[in-house]
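In: Provide a 3D model corresponding to the input given below.
(4 chains)
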2 protein chains.
Amino acid sequence: MNDRKIRIQDVAALAGVSVGSASRVLNRAANVTPDVREKVERAMATLRYEPSHTARALRSRSSRTIGCMFSDVTNPLYARAFRALEESFRAEGYMLLLAQGLNDVQRELESLRTFQARGMDGVICAPGHEQSPELIALMNAMSMPVVLYDREMPGTNADALLFDHVDGMKQACTRLFALGHERIALALWNAGSRPVRMRIEGYQAAYRSAGMPSPELILRQPTPTSSVYEELLEMLEGPKPPTALIAQGTHILVSALRAVARTGRRIPTDFSVVSIGDSDFTQTHDPAISALRTDPEFVASQAMALLLDRLGQEGGSAKAARTVRVPYELVERDSCGPAPRLL
Amino acid sequence: MNDRKIRIQDVAALAGVSVGSASRVLNRAANVTPDVREKVERAMATLRYEPSHTARALRSRSSRTIGCMFSDVTNPLYARAFRALEESFRAEGYMLLLAQGLNDVQRELESLRTFQARGMDGVICAPGHEQSPELIALMNAMSMPVVLYDREMPGTNADALLFDHVDGMKQACTRLFALGHERIALALWNAGSRPVRMRIEGYQAAYRSAGMPSPELILRQPTPTSSVYEELLEMLEGPKPPTALIAQGTHILVSALRAVARTGRRIPTDFSVVSIGDSDFTQTHDPAISALRTDPEFVASQAMALLLDRLGQEGGSAKAARTVRVPYELVERDSCGPAPRLL
DNA sequence: ATGAAAGCGCTAACAG
DNA sequence: CTGTTAGCGCTTTCAT
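Out: A predicted model of the protein is given here:
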């Protein structure tokens, strides 16, 4: 602890070269004699030199840090996304600052402003409010590239990762139609944001394609952790009950399963279930639950590609906004069976 | 976009004062005339001045950033902890860098080294390997205060937040004993780290206090997301089955509930359940599940207090390591009932 | 290819 | 109380 902080000057001095050369070695620049390189590297090693990230950031105008803003890491969806992002970016020497907007515009604005002030190299975010004019204005004023995570914000020129919810819902509905189901319930939380809008759109489109009117079987929940137990139970005991359910998120799914079990129905014999989003729960449940899934690693790699591409070139923000579609895959397990015969 | 970056010099010039004064206003220093303060603030506003965080960090040797390292945010426990930490620190103007060790020592070392190189003001971490000599050496070489999150690492002088697992388990067992249960199963994942060690210790201590030998009813799982379905089922159908279960984590709990239901037992009539860790699941399940909980906000505030205290004084690392015990509370719900009579 | 020197934007030490 | 000045530790011209 008695050694005061070692600077690049110390390294240069010990190696008998100039600071410039030491810096070039540190940055793996091309123009360095093997001889010099070796001397510098030896000096760095013996001094246990640790370059000051802050100083490099100030001078080179790159913090090698990405700002992430999601509503809440407690949401498994975002936790999963973050894990993959951290993994990808770490490999490239970036670290991630994680902020949570909690669906509060003021917090979202504050977080993005902080990212700006702290000189993030890039930002990945999923604001809860796609329409907020302040948010849009702020995003346009930011000096680093931004990637929207499953959000559409017209008026900004941010790149976006757009999950193909419409197609996902069509896959699920089509499969259930093929099994003879005509009354499919849909349980999701009632956020106004893109994912929910698109899922409902896909659900209705699927019915339209099949030449059927969409039934009134959509259960909207106030939060992703609320229960559909009561409502689904009522629906199941009502006159024209659904024979299948597509449910979003573990909590809604679990409460739905309880309601189904309560009516004495067995899965998949009497009732079929598809989960929007895959998890350990859907995989280990008995019976294992069919699920619509996306690939977090793919998403992370695409986010990184979008960001690094803009960072690579000078006028990064010049190019038009790009969009990457993220496909859904329907993983079929044991929770779907033929529709029960109506009496 | 045509405005080049505004520096504090621009502010000073427009306000007609020196950069020093502008800086003092920015930093809310005491020695500033109201007149000067106002002029500077006006100038900052009209220029939309955003101070460069990087430059301030370089000069003032404080990044106002805390490094967090947990094994995996995908673990709800850590997600919940992180949310509370972000909330607390944000209020004080700090942001959090989040890294995941994934229970890999090399990654853990790498993350901590990065925190060091990036000049974090403080670090909060829960390494998977409390015994690793390299980790211990590294922690001692770090120049900022470190708070261990439910880990004990003798040989370091880091402050620690220690969850009182022993007491928690005693509370749960004592309650079940009072209900007449004598054979309580315990399902947890088999990490070698402190939480698991302590829980088993508490479980055995509770039996000892009650004057009973601890039964052979501990189910250790390889991962927090594995299933105890098979093993518990076997136990329940065996000769001297447990009448109650204490289970750690949602996944283990869910698989356990399936096994219990499979044997035809009803909760709480035929079988009692306590969850280690509270969640939406335990709260919304039917019947609601009794749970051992800690308060994430309390934990976050304590972590912050420990860190800020050391940051406040100069020789922060001089003082001896401190320890804060985090109490468990047993929230009683509807999943525990009197032990069924043995035939 | 290397060295010297000029800052990146800010804070802190020191005069006045 | 305010202004001036010297760096924080590094990268990056610009000469050589």
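In: which residues of chain A score low on pLDDT?
Out: For chain A, applying pLDDT under 70 flags the ranges A:1-4, A:314-318, A:342-343.
In: for it, what spans make up the helices?
Out: For chain A, applying DSSP state H gives helices covering A:8-15, A:19-26, A:34-47, A:53-60, A:76-91, A:105-117, A:133-141, A:165-178, A:194-209, A:229-237, A:250-262, A:280-284, A:296-312.
In: how about these, which one is nearest B:Ser290?
Out: Counting by Cβ to Cβ, B:Ser290 lies closest to helix A:250-262 out of the helices of chain A; the figure is 17.7 Å. To be clear about C-beta, it is placed using only N, CA and C from the backbone, and glycine gets the same treatment.
In: Show me what that closest one is packed up against.
Out: For helix A:250-262, the elements it packs on are strand A:184-189, helix A:229-237, strand A:244-248, strand A:272-276, helix A:280-284, helix B:280-284, judged by 3 or more Cβ pairs under 8 Å, 6 or more residues apart in numbering or on different chains; DSSP states H and E.
In: just to revisit the earlier point, turn the helices of chain A into TSV, including mean neighbour count.
Out: What follows is the helices of chain A, written out as TSV (neighbours: other Cβ atoms under 10 Å in any protein chain shown):
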stretch	mean neighbour count
helix A:8-15	19
helix A:19-26	18
helix A:34-47	16
helix A:53-60	18
helix A:76-91	21
helix A:105-117	19
helix A:133-141	16
helix A:165-178	21
helix A:194-209	18
helix A:229-237	17
helix A:250-262	22
helix A:280-284	20
helix A:296-312	18
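In: Relative to B:Leu77, which of those helices is closest?
Out: Closest to B:Leu77 of these, according to Cβ to Cβ: helix A:76-91, at 11.1 Å.
In: how close does the closest residue to A:Ile276 other than its chain neighbours get to DNA strand D?
Out: Spatially, and ignoring its direct neighbours in sequence, A:Ile276 is nearest to A:Gln248 (4.1 Å; Cβ to Cβ, 6 or more residues apart in numbering or on different chains). According to Cβ to the nearest atom of the strand, to the nearest Å, A:Gln248 stands 46 Å off from DNA strand D.
In: Whatever residue of the stretch 51-200 of chain A ends up closest to DNA strand C and B:His285, how far apart?
Out: The nearest approach of the stretch 51-200 of chain A to DNA strand C comes at A:Arg59, 3.5 Å away (Cβ to the nearest atom of the strand). Here the criterion is Cβ to Cβ, to the nearest Å. By it, A:Arg59 lies 56 Å from B:His285.
In: Same check on A:Ser132?
Out: For A:Ser132, the distance to B:His285 equals 37 Å [Cβ to Cβ].
In: A:Pro34 too?
Out: Noted for A:Pro34: a distance of 66 Å to B:His285, by Cβ to Cβ.
In: Do any residues in stretch A:322-338 lie close to chain B?
Out: No. Applying Cβ under 8 Å from any Cβ of the partner chain, one finds stretch A:322-338 separated from chain B by no less than 13.8 Å.
In: Start and end of stretch A:62-81, how far apart?
Out: Distance across stretch A:62-81, first residue to last, is 24 Å (Cα to Cα, to the nearest Å).
In: Run the contact check for that stretch versus chain B.
Out: Yes. Using Cβ under 8 Å from any Cβ, stretch A:62-81 reaches chain B at A:Ser63, A:Thr65, A:Asp72, A:Val73, A:Thr74, A:Pro76, A:Ala79, A:Arg80.
In: Which two of those residues have the greatest separation?
Out: A:Ser63 and A:Pro76 (28.9 Å).
In: who's in contact with the most centrally placed residue in chain A?
Out: The centroid of chain A falls nearest to A:Ala81 when counting by Cα atoms, centre = their mean (4.3 Å). Residues in contact with A:Ala81 (Cβ atoms under 8 Å, 6 or more residues apart in numbering or on different chains) are A:Phe70, A:Tyr149, A:Pro296, A:Val299, A:Ala300.
In: What is the nearest of those to B:Pro327?
Out: Nearest to B:Pro327, judged by Cβ to Cβ, of these is A:Phe70 at 30.6 Å.
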